[in-house]
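S.K.: sequence unknown, structure follows:
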């Protein structure tokens, strides 16, 4: 199909598709003339994937590129999931040593409860340290006490996530599902948590 | 304290504090001269709160302003939580009617399982519709099948969230804890989910 059809089919404006082509997020079409190229269903799919990661997952262009490269190079599931794991709260280097050590202690306790191995230099751990140090700075101790409950919920969700990947689909599709499921799963969980909170809040504090 | 001390105490650069003052995120200090003002512990606390919402929670300046106004006006817990709930995936208006109706059906089924009332015009519901429509477009049906499991996990977390708010602290602090706990709780949950996924992934696909 031509660019105009690709735009219609994917719902992505032509100018945006051209931007993604320049940024290397979508592979070039098959050249059919000096200023013309032909595109196919793989381009439609890729555009949908890019939009999902950018618009719903909140990825940056650089994050999307890294994830797509990992998918295209058929890297191992483990390493692709690692890529999708980058997009987390930034590490807060300004927290003092004492606070960081305290936060690590809390995280290690939850890891032990759930039987997790913690990796050093892990973005997810850095992100948790940041959140816990912030709660502590603000004096929100009751939020820190929720860590164990959150750990149990995360374990439950992650088991379901990985269980859903062991299907009969081709490897490429499994990797894509893992990445998208990780990124959009956060959004899903946040939305459901809001609805559950609204309902619990109506019970606890109802007008 | 003077501006320089406020900066040192809060860890926020002077130029940034001035920007927050102009944007109305931090209340003006007590004027002590033509170009001087005095600040106190409430300013340090407010700066920490603003940084937490911006840096860790990923809020926009406008979101932070709305949340702070709700806190300062001592609005009801229910309405402040509503504010903190705005920051979710944008509604995708381009999904067709058929997809949206299908997504609403899935969400209603989970709400029934968990005993939730769904509000119309709710940003959280719109966000879920967007994610589900995206999974459907991409053909990621196994991700859709996780909705029920995610709903159960969200219910568990939300019960813990609200339970932790019914302490003996003053109302202002409770509202602040609710807002920060909601925003940063998402980040906490995402980080823990990554660690749990890495561990489950090592078991399922381990190198």
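M.R.: Arrived safely. Computed from a predicted model, the values in this text were never measured in an experiment.
S.K.: how many neighbours does the residue lying closest to residue A:108 once chain neighbours are set aside have?
M.R.: Nearest non-adjacent residue to residue A:108, counting by CB to CB, 6 or more residues apart in numbering or on different chains: residue A:118, 6.7 Å away. Heads up, the C-betas are built off the backbone N, CA and C, glycines and all. Residue A:118 is flanked by 17 other residues according to other CB atoms under 10 Å in any protein chain shown.
S.K.: ok, now residue A:132?
M.R.: Burial of residue A:132 is recorded as 26 neighbouring residues (other CB under 10 Å).
S.K.: which residues in chain A form helices?
M.R.: Assigned by DSSP state H, the helices in chain A fall at A:3-10, A:14-23, A:41-51, A:61-72, A:77-84, A:97-114, A:123-137, A:141-144, A:147-163, A:171-205.
S.K.: Go through the ones you listed and pick out the most buried.
M.R.: helix A:123-137 (a mean of 24; mean count of other CB atoms under 10 Å in any protein chain shown).
S.K.: Show me the shaky parts of chain A.
M.R.: A:74-94, A:121, A:167-172, A:206-207 (pLDDT under 70).
S.K.: Outline the domain layout of it.
M.R.: A:3-84, A:97-205 (automatic domain parsing).
S.K.: Pretty sure residue A:20 sits against residue A:43.
M.R.: No - at 9.9 Å, residue A:20 and residue A:43 do not qualify as touching, with contact defined as CB atoms under 8 Å.
S.K.: Touching both of those two, which residues are there?
M.R.: Taking CB atoms under 8 Å, 6 or more residues apart in numbering or on different chains as the contact rule, residue A:20 and residue A:43 both touch residue A:26.
S.K.: Dihedrals phi and psi, the residue nearest to residue A:108?
M.R.: With angles defined as degrees, to the nearest 10, residue A:118 sits at phi -100, psi 130.
S.K.: Give me the distance between it and residue A:185.
M.R.: Using CB to CB, to the nearest Å, residue A:118 is found at 21 Å from residue A:185.
S.K.: Residue A:101 too?
M.R.: 31 Å.
S.K.: before we move on, back to that, can you add distance to residue B:15 and give the domains of chain A back as TSV?
M.R.: Shown next, in TSV, are those (distance: least, CB to CB, whole Å):
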stretch	distance to residue B:15
domain A:3-84	25
domain A:97-205	21
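S.K.: Minimum distance to residue B:156: which of the ones you listed has it?
M.R.: Closest approach to residue B:156 among the domains of chain A is made by domain A:97-205 (5.2 Å; CB to CB).
S.K.: So what would you say the end-to-end distance of that closest one is?
M.R.: 39 Å (CA to CA, to the nearest Å).
S.K.: before we move on, back to that, what sits against the residue nearest to residue A:108?
M.R.: Contacts of residue A:118 (CB under 8 Å, 6+ apart): A:107-108, A:111, A:125, B:195.
S.K.: State whether residue A:201 and residue B:162 are indeed in contact, as I suppose.
M.R.: Yes - using CB under 8 Å, residue A:201 is in contact with residue B:162, at 6.0 Å.
S.K.: Nearest residue to the residue nearest to the spatial centre of chain A in space, please, no chain neighbours.
M.R.: Among the residues of chain A, the one closest to the centroid is residue A:183, at 2.5 Å (CA atoms, centre = their mean). Spatially, and ignoring its direct neighbours in sequence, residue A:183 is nearest to residue A:57 (3.5 Å; CB to CB, 6+ apart).
S.K.: for the one you found, phi and psi?
M.R.: Dihedral angles (degrees, to the nearest 10) for residue A:57: phi -80, psi -20.
S.K.: wait, residue A:61 sits on residue A:24?
M.R.: No - in this structure, residue A:61 is not within contact of residue A:24 by CB under 8 Å, at 9.5 Å.
S.K.: got a list of what the nearest residue to residue A:114 once chain neighbours are set aside touches?
M.R.: Excluding its sequence neighbours, the residue lying closest to residue A:114 (CB to CB, 6+ apart) is residue A:155, at 4.8 Å. By CB under 8 Å, 6+ apart, the contact list for residue A:155 reads A:114, B:192, B:196.
S.K.: Can you tell me how far the last one is from residue B:14?
M.R.: As judged by CB to CB, residue B:196 and residue B:14 stand 41 Å apart.
S.K.: Also the first one?
M.R.: Taking CB to CB as the criterion, residue A:114 is separated from residue B:14 by 43 Å.
S.K.: again, but for the second one
M.R.: Look at residue B:192 and residue B:14: by CB to CB, they are 36 Å apart.
S.K.: now, which of the contacts of residue A:155 sits nearest residue A:36?
M.R.: Nearest to residue A:36 out of those is residue B:196 (CB to CB; 48.5 Å).
S.K.: doesn't residue B:200 make contact with residue A:161?
M.R.: Yes - contact between residue A:161 and residue B:200 holds when scored by CB under 8 Å: they sit 7.3 Å apart.
S.K.: how about residue A:39, what does it touch?
M.R.: Residue A:39 makes contact with A:1-3, A:5-6, A:29-30, according to CB under 8 Å, 6+ apart.
S.K.: Leaving out chain neighbours, which residue sits closest to residue A:29?
M.R.: Nearest one to residue A:29, counting by CB to CB, 6+ apart, is residue A:37 at 3.2 Å.
S.K.: so that neighbour touches residue A:30, yeah?
M.R.: Yes - using CB under 8 Å, residue A:37 is in contact with residue A:30, at 6.1 Å.
S.K.: higher neighbour count, these two?
M.R.: The residue with more neighbours, out of residue A:37 and residue A:30, is residue A:37; 15 against 10, by other CB under 10 Å.
S.K.: how close does that one get to residue A:4?
M.R.: With CB to CB as the criterion, residue A:37 and residue A:4 are 12 Å apart.
S.K.: now residue A:58
M.R.: Per CB to CB, residue A:58 is found 29 Å from residue A:4.
S.K.: for residue A:105, same thing?
M.R.: Separation of residue A:105 from residue A:4 (CB to CB) stands at 59 Å.
S.K.: do residue A:109 as well
M.R.: To residue A:4, residue A:109 is 58 Å away according to CB to CB.
S.K.: nearest residue to residue A:23 other than its sequence neighbours?
M.R.: residue A:61 (5.7 Å).
S.K.: list the contacts for that neighbour?
M.R.: A:23, A:25, A:54.
S.K.: shouldn't residue A:43 be in contact with residue A:28?
M.R.: No - applying CB under 8 Å, one finds residue A:43 not in contact with residue A:28, separated by 9.5 Å.
S.K.: Now for the spatially closest residue to residue A:141 that is not a sequence neighbour: which residues touch it?
M.R.: Counting by CB to CB, 6+ apart, residue A:135 is the residue found nearest to residue A:141 once chain neighbours are left out, at 7.4 Å. With contact set as CB under 8 Å, 6+ apart, residue A:135 has these partners: A:141, A:143-144, B:180, B:184.
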